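Colleague: my questions concern the predicted model and sequence given below.
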Amino acid sequence: MVDESEYAWVPEPAPEPRRPALVLLQSLAVLMAGVLGFPLGLLWQQSAPNVPVLIVQDGAVYNDPQPEQFMSGDGWFAVLGFSFGVVLAVVTWILFRRLRGPLLIVLLAVAGTVAAVIAWKFGRQLGLDAYLKELHSAPAGTELGKPNDLRVQLLRWWPPALEGVLLLPALGSTLTVTLLAAWSRWPSLRAPRSTGTPEAAPGIGPEEAGGPAFS
């Protein structure tokens, strides 16, 4: 005879309750990820090519009426920003289990947007002082490299318009969290603590569980 009690299915235990103080601290930690925009801006400015500028008698002009370096700068920011959002989402998903859910999506969207603005504002200033100094002292015919910049429109009521590549870090992080939540095996998105009792999935018989077929 088969001892069915030996292979009884154990229901999923309740997930660990959230602690408001710990959730608040973890939320602040995710929001502080916005300061990572400083190294992101440095990496962007080092990766994007400078725009070639030619010194003339009346000032300076671009060597090309439509320099392709501007598009390259946008492209590098897009790739680095989206990758930054994906990595940030994976790290926070692993480290901050209690935040999994809609709250984590909102926090990552805010942190990614803040990081993008910081990266843009900080990155565009790198090397700019040296460029301006050479611009005013170099003789005509000298070729200079202007630090790259994003083509972002500025609005009076919103200092910068959050559009285009500035939204890609937030898009990468929220999209990644959504996919991780869709693939999660737990309805609560947080695996319950192990109780020390072996569990068997419903529908698994004695043969699949590795037990004897007959007693």
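Modeller: Thanks, I have the structure now.
Colleague: show me where this structure dips below the pLDDT cut-off.
Modeller: Residues of the chain meeting the criterion pLDDT under 70: 1-18, 59, 62-67, 141, 152-163, 186-215.
Colleague: which helix runs longest in it?
Modeller: helix 69-95 (DSSP state H).
Colleague: what helices and strands are in contact with the following helix or strand past it?
Modeller: Following helix 69-95 in sequence order, the next helix or strand is helix 102-123 (DSSP states H and E). Contacts defined by 3 or more CB pairs under 8 Å, 6 or more residues apart in numbering; DSSP states H and E place helix 102-123 against helix 20-31, helix 37-47, helix 69-95, helix 168-183. C-beta here means a position set from N, CA and C on the backbone, and glycine is covered the same way.
Colleague: how far off helix 69-95 does the longest strand belonging to the chain point, in degrees?
Modeller: The residue-count maximum for a strand in the chain (DSSP state E) belongs to strand 51-56. With axes from the mean of the first three to the mean of the last three CA atoms, to 10 degrees as the basis, strand 51-56 and helix 69-95 are set at 150 degrees to each other.
Colleague: circling back to that earlier point, may I see the buried residues of the longest helix of the chain?
Modeller: For helix 69-95, a neighbour-count test (16 or more other CB atoms under 10 Å) marks 69-70, 73-74, 76-78, 80-82, 84-86, 88-89, 92-93 as buried.
Colleague: repeat for stretch 165-182
Modeller: So for stretch 165-182, counting by 16+ other CB under 10 Å, buried means 165-177, 180-181.
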